[in-house]
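Asker: Make a model of this:
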Amino acid sequence: MLLVTFVLLQTMDALTTVAFLHMGVSEANPLIRLALDKSAGYPAGQVLALAAPKLFAVALGAFAWRSGRKRLLLLMDILFSLCVAWNAAIILLKL
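Answerer: The predicted structure follows:
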């Protein structure tokens, strides 16, 4: 269940990031912002710039789960829950 939650939170984080970008808010993560800047002008550039780090995060989550690091996965679930909640609150306030 921890891994499923982690994957869902990664998806929700990506979706709220896309919503932020459409609202004109810049990405706060400097690495993702760099990837988004480099992919500007390419078809589906934003999607690929967001998908690659999210897939990498899911792979790391799966590794943590398979190696028995469930406490680490729980902490990451809590962290990303807070990120998604923050993103959703900002989106709602901007509407």
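
Asker: what's the offset of the longest helix seen in the chain from the middle of its chain?
Answerer: Ranked by number of residues, the top helix in the chain under DSSP state H is helix 70-94. Computed by Cα atoms, centre = their mean, to the nearest Å, the chain-centroid distance of helix 70-94 equals 9 Å.

Asker: what about the strands in this protein?
Answerer: Taking DSSP state E, the chain contains no strands at all.

Asker: Please spell out which residues along the lowest-mean-pLDDT helix or strand in it are buried.
Answerer: For the chain, counting by mean pLDDT, DSSP states H and E, helix 30-39 ranks last in confidence among helices and strands (a mean of 88). For helix 30-39, burial by neighbour count (16 or more other Cβ atoms under 10 Å) applies to 32, 35-36, 39. Where C-beta positions appear, they are placed from N, C-alpha and C, glycine not excepted.

Asker: do stretch 13-26 as well
Answerer: 13-14, 16-17, 19-20.

Asker: Quick one: the residues you listed as CSV, columns for pLDDT too.
Answerer: Output for those, formatted as CSV (pLDDT from 0 to 100):
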residue, pLDDT
Asp13, 92
Ala14, 91
Thr16, 91
Thr17, 88
Ala19, 89
Phe20, 85
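
Asker: just the buried residues of helix 30-39 now: which is nearest Ser26?
Answerer: Leu36 (8.6 Å; Cβ to Cβ).

Asker: Low-confidence regions, this protein specifically.
Answerer: The model of the chain has no residue with pLDDT under 70.

Asker: Contacts only, for the spatially most central residue of it.
Answerer: When the chain is reduced to its mean C-alpha position, the nearest residue by Cα atoms, centre = their mean turns out to be Asp13, at 3.7 Å. Counting by Cβ atoms under 8 Å, 6 or more residues apart in numbering, Asp13 makes contact with 54, 80, 83-84, 87.
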